[in-house]
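**Q** next come a sequence and a model predicted from it.
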Amino acid sequence: MNLTADRTANVTRKTAETNIRVALNLDGTGQAKLASGIGFLDHMLDQIARHGLIDLDIACEGDLHIDGHHTVEDIGITLGQAFAQAIGDKKGIRRYGHAYVPLDEALSRVVVDFSGRPGLHMEVKFTSGSLGSLDTQLIYEFFQGFVNHALCTLHIDNLKGVNAHHQCETIFKAFARAVRAALEFDPRSAGVIPSTKGSL
């Protein structure tokens, strides 16, 4: 285990649709500077930073005059790339994490495995089609982009919920808590890849 490891990343991604910069520190204090152009998405990204204890700086210029799809998906992609870069060889991490998070009537469960294999399994029935200017369909696209590039398996289940804001917020808070648990160093597995294969 190397507690002095620099688990930071800086990633930029520029296409004809978006121009994104992500900087993060997995061993931060939960500080966030966010400018996605979509207010509710910034609110959710702030949950990742605060509850994951990740310092997160995200700036995006996207084609919001069309809609939010490219912005939301591409931020997920770029954030996933930054995670992969910051995690490194995965020696000593716990690998798996899970969390249940309630918010009033809503309850969500998120389970993550930094397995090296991308997979998203999401069971969420939002009670509203939009949250501010964010189309709730795009939450799936955000996490699909993330898992494809962070190379993790992610299960997201909203178990209860009437208010769509509460549903979404419990998802992002549970995601943050699960990721935080999975990426913690395990003192009993110092320097060891958490897999019988010897690589992830």
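**A** That came through fine. Nothing here was measured: the structure is a model prediction, and the numbers come from that model.
**Q** quick check: mean pLDDT of the helix or strand D57 falls within?
**A** Counting by DSSP states H and E, the secondary-structure element that holds D57 is strand 55-62. Along strand 55-62, the predicted local confidence has a mean pLDDT of 98.
**Q** ditto for stretch 11-29
**A** For stretch 11-29, the per-residue pLDDT averages 98.
**Q** touching that stretch from outside, list them.
**A** 7-10, 49, 53-63, 70-71, 74-75, 77-79, 81-83, 85-87, 183 (CB atoms under 8 Å, 6 or more residues apart in numbering). Every C-beta, even on glycine, is put in place using the N, C-alpha and C of the backbone.
**Q** which among those residues count as buried?
**A** For the contacts of stretch 11-29, a burial check counting by 16 or more other CB atoms under 10 Å picks out 7, 9, 49, 53-60, 62, 70-71, 74-75, 77-79, 81-83, 85-87, 183.
**Q** strands of this structure, residue ranges please.
**A** 8-14, 18-25, 32-35, 55-62, 96-103, 106-113, 119-123, 130-131, 134-135, 153-160 (DSSP state E).
**Q** indicate each strand paired with the second one and its parallel or antiparallel sense.
**A** Each strand that strand 18-25 pairs with, and the sense of that pairing, follows from DSSP bridges: strand 8-14 (antiparallel), strand 55-62 (antiparallel).
**Q** in TSV: those, plus distance to F146.
**A** What follows is the strands paired with strand 18-25, written out as TSV (distance: least, CB to CB, whole Å):
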stretch	distance to F146
strand 8-14	13
strand 55-62	13
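**Q** among these, which is nearest H43?
**A** strand 55-62 (12.6 Å; CB to CB).
**Q** which residues sit against the closest one?
**A** Taking CB under 8 Å, 6+ apart as the criterion, the residues outside strand 55-62 that touch it are 17-25, 28-37, 45, 48-49, 68, 70-71, 74-75, 78-79.
**Q** just the CA coordinates for the strand holding D57, please, in CSV.
**A** Written as CSV, here are the backbone C-alpha positions of strand 55-62 (Å, rounded to 0.1, in the frame of the first residue of the first chain):
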residue,chain,number,x,y,z
ASP,A,55,-11.6,17.1,-5.4
LEU,A,56,-13.3,17.7,-8.7
ASP,A,57,-12.9,20.5,-11.3
ILE,A,58,-15.0,20.1,-14.4
ALA,A,59,-15.6,22.7,-17.2
CYS,A,60,-17.6,22.0,-20.3
GLU,A,61,-18.5,24.0,-23.4
GLY,A,62,-21.2,21.9,-25.1
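**Q** distance from that strand to the middle of the chain?
**A** Counting by CA atoms, centre = their mean, to the nearest Å, strand 55-62 is centred 13 Å from the centre of its parent chain.
**Q** likewise for stretch 120-140?
**A** Centroid separation for stretch 120-140 versus its chain: 15 Å, with CA atoms, centre = their mean.
**Q** list the buried residues in it.
**A** Buried residues in stretch 120-140, counting neighbours by 16+ other CB under 10 Å, are found at L120, M122, V124, F126, L131, L134, D135, T136, L138, I139, Y140.
**Q** got it, and stretch 38-46?
**A** Within stretch 38-46, the residues scored as buried using 16+ other CB under 10 Å are I38, F40, L41, D42, H43, M44, L45, D46.
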